[in-house]
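[1] what follows is a protein structure lacking sequence information:
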């Protein structure tokens, strides 16, 4: 089973709203990732959690706040977003975040949350 | 600076023929390479990968070839089927300064398999 689930599937929010995206995996993976993908572009890495600790923040604005409550869950809290933040937000997980052989670094992606900021 | 390049934005192939998708990279630190398939508004689906110590990996209709000296890899799909029509992303992995593996994606190639 290589399933990563994400909720909600679609989200429309105003610029003053606060919302959260959720991601869950039950593969025992210890690394989890948030990506942002705009149309006709490759996924862009936002955050990496390794063993529930934030290990990479790719200079993402503070209006995006990640949280990893446990090894299976990853949240992305959204506040005061801008219309240009509208995109597909993808969660991914891998066996471990580093120090393993290549195959353990295969990232499995969820279906994404389609976010529209009005 | 684009470290992973997919120079063909699109490719059309007749059903039953071979599809060859190409990818070039510049960073010698990449040690693991992956291909993902993506349908619109869905997450990328992992297809096949190859370690830098190998030059070929095969899984059913999909074969990935790696030429380290040329910093080039390719994905072969044979025979191509209409259901293979999607965007294919090449990705390369290396350990970041923070000790985590990071994927660097190419811009993708849209494959259309014509019945």
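    In hand now; what should we look at? Predicted model, so just to flag it, every value in this text is computed and none were measured.
[2] contacts for stretch B:82-92 next, please.
    A:42-43, B:3-4, B:6, B:15, B:19, B:21, B:23, B:25, B:27, B:30, B:32-39, B:44, B:47, B:73, B:75, B:77, B:103-106, B:108-115 (CB atoms under 8 Å, 6 or more residues apart in numbering or on different chains). All C-beta spots, glycine's among them, are computed from the backbone N, C-alpha and C.
[3] narrow the residues you listed to those in strands?
    Among the contacts of stretch B:82-92, DSSP state E puts B:4, B:19, B:21, B:23, B:25, B:32-38, B:47, B:73, B:75, B:77, B:103-105, B:109-114 in strands.
[4] which parts of stretch A:78-90 are buried?
    A:78, A:81, A:85, A:86, A:87, A:88, A:89, A:90 (16 or more other CB atoms under 10 Å in any protein chain shown).
[5] would you confirm that residue B:61 contacts residue B:75?
    No - assessed by CB atoms under 8 Å, residue B:61 is found out of contact with residue B:75, at 10.5 Å.
[6] quick revisit: and the buried residues of stretch A:78-90 near chain B, which?
    Residues shared between these and the neighbourhood of chain B are A:88, A:90 [CB under 8 Å from any CB of the partner chain].
[7] so which two of the buried residues of stretch A:78-90 are the farthest from each other?
    Across these, the longest distance by CB to CB is 16.6 Å; it joins A:81 and A:90.
[8] what are the ranges of the strands in chain A?
    So, for chain A - with DSSP E - the strands run A:4-7, A:10-13, A:18-25, A:31-37, A:44-50, A:53-57, A:64-70, A:73-79, A:87-94, A:108-109, A:113-117.
[9] what packs against the lowest-mean-pLDDT helix or strand in chain B?
    Least confident helix or strand of chain B, by mean pLDDT, DSSP states H and E, is strand B:101-105 with a mean of 86. Packing contacts for strand B:101-105, counted by 3 or more CB pairs under 8 Å, 6 or more residues apart in numbering or on different chains; DSSP states H and E, involve strand A:44-50, strand B:86-95.
[10] measure residue A:21 to residue B:54 for me?
    Counting by CB to CB, to the nearest Å, the separation of residue A:21 from residue B:54 is 36 Å.
[11] looking at these two, which one has more neighbours?
    residue A:21 (23 against 14; other CB atoms under 10 Å in any protein chain shown).
[12] per-residue confidence at that one?
    Per-residue pLDDT puts residue A:21 at 98.
[13] that one against residue A:75, yeah?
    Yes - between residue A:21 and residue A:75 there is a contact under CB under 8 Å: 6.7 Å.
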